[in-house]
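Novice: output the structure for:
(chains A and B)
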2 protein chains.
Amino acid sequence: MQNLETILAKATENQPAAFDRLFELLRIKSISTDSAFATDCVEAADWLVAQLNDIGFMASRRDTDGHPMVVAHSGCKGQHMLFYGHYDVQPVDPLDLWDNPPFEPRFEDSPNGQIIRARGASDDKGQLMTFIEACRAWKDVTGELPGNITILFEGEEESASPSLVPFLTANADELKADFALVCDTGLWDSDTPAITTMLRGLVAEDFTIHAANRDLHSGKYGGPAINPIRVLTKILGGLHDEQGRVTLPNFYEGVPRISNSLKAKWDALNFDTEGFLGDVGLTTPAGEEGFTAMEQIWSRPTCDINGINGGYTGEGFKTVLPAEAHAKVSFRLVGTQDPEAISAAFRSYIKDNLPPDCTVTFHSEDRAAATNLPVDAPEFALAQKALGDEWPNDAMFIGMGGSIPIVGHFQKILGMDSVLIGFGQENDQIHAPNEKYDVRSFKKGTRSWIRILAALKS
Amino acid sequence: MQNLETILAKATENQPAAFDRLFELLRIKSISTDSAFATDCVEAADWLVAQLNDIGFMASRRDTDGHPMVVAHSGCKGQHMLFYGHYDVQPVDPLDLWDNPPFEPRFEDSPNGQIIRARGASDDKGQLMTFIEACRAWKDVTGELPGNITILFEGEEESASPSLVPFLTANADELKADFALVCDTGLWDSDTPAITTMLRGLVAEDFTIHAANRDLHSGKYGGPAINPIRVLTKILGGLHDEQGRVTLPNFYEGVPRISNSLKAKWDALNFDTEGFLGDVGLTTPAGEEGFTAMEQIWSRPTCDINGINGGYTGEGFKTVLPAEAHAKVSFRLVGTQDPEAISAAFRSYIKDNLPPDCTVTFHSEDRAAATNLPVDAPEFALAQKALGDEWPNDAMFIGMGGSIPIVGHFQKILGMDSVLIGFGQENDQIHAPNEKYDVRSFKKGTRSWIRILAALKS
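Specialist: Have a look, this model is predicted:
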């Protein structure tokens, strides 16, 4: 494809202007969690609509009960692709930990090359702009957009996406495509691109154990009165066995065995366990015995206590026997583990272990099965090949310990799978002060999308 | 003693004026925990000095770094008795739960007779005034005070008594007596007075378990990264065995066996376990197997978790793996259990059970051995007899699950034991809204002190 080289060259030529455009977007304070920035979110949406219309999309701002969506159509024929990104950003607190104002983007030199420093540089404004710049270069050279593309930009990704499901449901016919391209993930390492194909599911349980009808004094009642913190710690302390396995009955039903060939592939990635843990002050993998840290994160389910409180927790000491104690427990799921069954088993386990006079109430809940994307579908191989043409190393199919809710929503509501490709780095400090995006990620990201679209547009 | 009947009659005659005096004291907002009420505390101290001088004591306000003490001497000969009470009161929040303003004392009718409703009515203004009114009636009849009495009123009992130890130490020669009379406890039941002779000791441990150097995301790190809440719950969950016994090595060293004769006496008290627990919404004694609720409270050591927190505990869910988790654990001690040894055993237990990458820091500490007052000393028998002459039933020697720090300070600093006598009722709502004191407690309390002083003054 002779055109491809021309388009890639055009992207390079466009780069100074492309950075100007990105910086314009980065200056907009589109913090979605704080209603004080609602007009900034509208401004970001309008800015994107203008950008997209400028390069030939039919784009519009679509208002919701929350922050607006941006939807755009290329109007071309061929395989239908939905591209997803989000223009909202995380809050910037604590502001005093930023070396420069978070909404005044700037280039900086770093040991690993030039970077762009700003809130949203990596998550997700810099990433979504790689796709827009790819489309722009394509249009500049060919006069057409690169295929049958629908674009969906969300403005509530950092605030739990309250409008997303209603919007997808109400506009399913318009948004349903053959597959989705989602640009909100990272590289494997600076030379190795990645397509994330396994995401762990989640069961989250928020509950309170109740005992006496009020807080008691441990001098007066200590002994005969049941202490709900003691009940809670005993219950939580029994969730794992000595090998770090979860003790709930049938918990491991649906957890796939890692085949020897897959294990060999993963081992070949040379995951830097020491660096991964050392970065956060740890030395020893603490998970299930018999699995490497990477296997634990990508392919093994977990149970973790994410929050606990009860009694007096302030300065000094109060010898209180509290009336209740509270915990938040979450499970990360893999394979075909059933979230409903695991939630039920957990709740039964607690109820079965409650002593007399104790009751439990369950508050919120969050249940999602693990996602295993169909890596044998042709778009995965094509995207993998295209990425390999751009980067020094071949692209890896990788797993991810967390979940990306949009993938599940696209599957459930629009019946389509997602190809998750992104160019973020581990050290981008997303959600933290001094967020950055590598200039190389932006440049090679734009070029990657040009190659991927060339391969997928058919 | 013919005079005794006359003095008792005088106390009855004095009662209308005695209630007026008590109400004056109850109107003073001497909340010691809040510096906004510092002048009220001075006012209460001055009011007491005036009262005591009025009936022939040599009384003075003694300023400290905190709220003032009141010290008074009768100047009489004979066995030297130190009477202790406190004029400060608990805060009144939540104010909207009071049926009437807390500092506007009033008589009310109740199913169990007339009561005085006000903050401090029972704890401790009403109680200390029973002693002053006893002295007043005595003086009115005999022209003399009832024996060699020193009075110490504190204004910081409800705010951890920061000035007490320095004051006792600095004035030890002046305050040291043959024994102390402390009026800050309760009746056994409305017809049965009590002398509290056993107080449990306390070891309080406040500690944090540290893991990673920052909070982690459980999607990314869940599995390989150690979770300090999980470590903490496992450790706390192992502090008791299935029989409710504390698992620390040598924990029960120094715990006295309850003799059959003592057990028989206690059983004869017909402690209302069902009512005691039912009052707070419980039905089943949860302590050590093989002991009654009363035995558990009076004579058995306990271990309780008084506070726990870690991770995200707000609304909704965050799948955080926290960097640390925190708990407050206290032990109630009996007999000759050694607080230092128990603290050391607890700290060793935690350290021995820490997995790799975890550390523990211990913050505050509080250690006091149990108190066992010398019930065979003559003042105990004499006071017991005097109380029995006033009340329908004989006075009981009872235990108490908590500790009263003043008793330990008097033992350590002044080398004297305390006789703990008070007339409060379980339902006095001390430290809570709508505090009250039974009119009967005030009347019979005053008469009780007259009888006790007659027996003890020698």
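Novice: which residues of chain A fall in helices?
Specialist: Applying DSSP state H to chain A gives helices spanning A:2-27, A:38-54, A:125-142, A:164-170, A:172-175, A:218-221, A:228-237, A:260-268, A:273-278, A:293-299, A:339-352, A:378-390, A:405-414, A:439-456.
Novice: residue in the stretch 101-250 of chain A nearest to chain B?
Specialist: A:G219 (2.2 Å; C-beta to the nearest C-beta). Where C-beta positions appear, they are placed from N, C-alpha and C, glycine not excepted.
Novice: for that residue, give its distance to A:Y84.
Specialist: 59 Å (C-beta to C-beta, to the nearest Å).
Novice: in chain A, what spans have low per-residue confidence?
Specialist: Along chain A, segments meeting pLDDT under 70 span A:1-2.
Novice: domain map for chain A?
Specialist: A:2-198+A:371-456, A:201-255+A:301-368 (automatic domain parsing).
Novice: tabulate these in TSV, adding columns for mean neighbour count.
Specialist: TSV is the format used below for those (neighbours: other C-beta atoms under 10 Å in any protein chain shown):
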stretch	mean neighbour count
domain A:2-198+A:371-456	20
domain A:201-255+A:301-368	20
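Novice: of all those, which lies closest to B:I235?
Specialist: Closest approach to B:I235 among the domains of chain A is made by domain A:201-255+A:301-368 (7.8 Å; C-beta to C-beta).
Novice: how long is that closest one end to end?
Specialist: 5 Å (C-alpha to C-alpha, to the nearest Å).
Novice: state the distance from A:I115 to A:V439.
Specialist: Taking C-beta to C-beta, one finds A:I115 at 6 Å from A:V439.
Novice: what's the answer for A:P228, then?
Specialist: Counting by C-beta to C-beta, the gap from A:P228 to A:V439 is 54 Å.
Novice: check A:G402 too.
Specialist: 27 Å.
Novice: same thing with A:I398?
Specialist: 24 Å.
Novice: next, the contact list for the residue most central in space within chain A, please.
Specialist: Of all residues in chain A, the one closest to the mean position by C-alpha atoms, centre = their mean is A:I404, 4.3 Å from it. The neighbours of A:I404, taking C-beta atoms under 8 Å, 6 or more residues apart in numbering or on different chains as the test, are A:V182, A:D184, A:T185, A:T196, A:L199, A:T371, A:L420.
Novice: which residue sits closest to the residue of the stretch 301-450 of chain A at minimum distance from chain B, ignoring its sequence neighbours?
Specialist: Closest approach between the stretch 301-450 of chain A and chain B, counting by C-beta to the nearest C-beta: A:G402, at 2.1 Å. Leaving aside its sequence neighbours, A:G402 sits nearest to B:G219 (C-beta to C-beta, 6 or more residues apart in numbering or on different chains; 2.1 Å).
Novice: how near is the one you found to A:V246?
Specialist: Distance from B:G219 to A:V246, by C-beta to C-beta: 17 Å.
Novice: and if you look at A:L4?
Specialist: From A:L4 to A:V246 the distance is 49 Å (C-beta to C-beta).
Novice: and A:S159, by the same measure?
Specialist: 31 Å.
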